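Student: what follows is a predicted structure for the sequence shown.
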Amino acid sequence: YENYPTLMEDHFGGSQRAGVIAAASGLTCGIATANSNAGLNGWYMSMLAHKEGWSRLGFFGYDLQD
């Protein structure tokens with residue numbers, strides 16, 4: 001899916017990739033620091049970095065039309 005990012009958007013609707021990466025980042029930050037606020041910040045940071053890197057979160061860019 002990383003080589004062909006739109007393939008995951010076809011299969012799962014797009015935001016699955018961003019959500020899974022953000023959840024993993026949030027859990028890792030939360031467990032590593034034993035602080036739930038750090039985990040939440042890790043989740044937000046992952047979503048921001050993903051959107052900056054791909055210029056969208058999913059659904060073939062339709063989420064940017066709102």
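Tutor: Thanks, I have it. Residues are numbered from 1 along each chain as shown.
Student: mind listing what's buried in the strand or helix carrying Asn37?
Tutor: In this assignment (DSSP states H and E), Asn37 forms part of helix 36-54. Going by neighbour count (16 or more other C-beta atoms under 10 Å), the buried part of helix 36-54 is 38-39, 41-43, 46-47, 50. To be clear about C-beta, it is placed using only N, CA and C from the backbone, and glycine gets the same treatment.
Student: name the SS class of Glu2, please.
Tutor: Classification of Glu2 using DSSP: H, G, I helix; E, B strand; the rest coil returns coil.
Student: spit out the contact partners of it.
Tutor: Residues near Glu2 by C-beta atoms under 8 Å, 6 or more residues apart in numbering: none.
Student: check what pLDDT it gets.
Tutor: Note on Glu2: pLDDT of 70.
Student: check Val20 too.
Tutor: At Val20, the pLDDT value in this model is 80.
Student: what about it, which helix or strand?
Tutor: For Val20, the host element (DSSP H and E) is helix 15-33.
Student: for this protein, which residues score under the pLDDT cut-off?
Tutor: 1, 5-6, 8-15, 53-66 (pLDDT under 70).
Student: could you redo the last one with a cut-off of 90?
Tutor: 1-24, 44-66 (pLDDT under 90).
Student: returning to that earlier point: got the buried residues of helix 36-54 as JSON lines, with distance to Ala22 columns?
Tutor: Converted to JSON lines, those look like this (distance: C-beta to C-beta, whole Å):
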{"residue": "Ala38", "distance to Ala22": "14"}
{"residue": "Gly39", "distance to Ala22": "11"}
{"residue": "Asn41", "distance to Ala22": "11"}
{"residue": "Gly42", "distance to Ala22": "8"}
{"residue": "Trp43", "distance to Ala22": "5"}
{"residue": "Ser46", "distance to Ala22": "4"}
{"residue": "Met47", "distance to Ala22": "5"}
{"residue": "His50", "distance to Ala22": "7"}
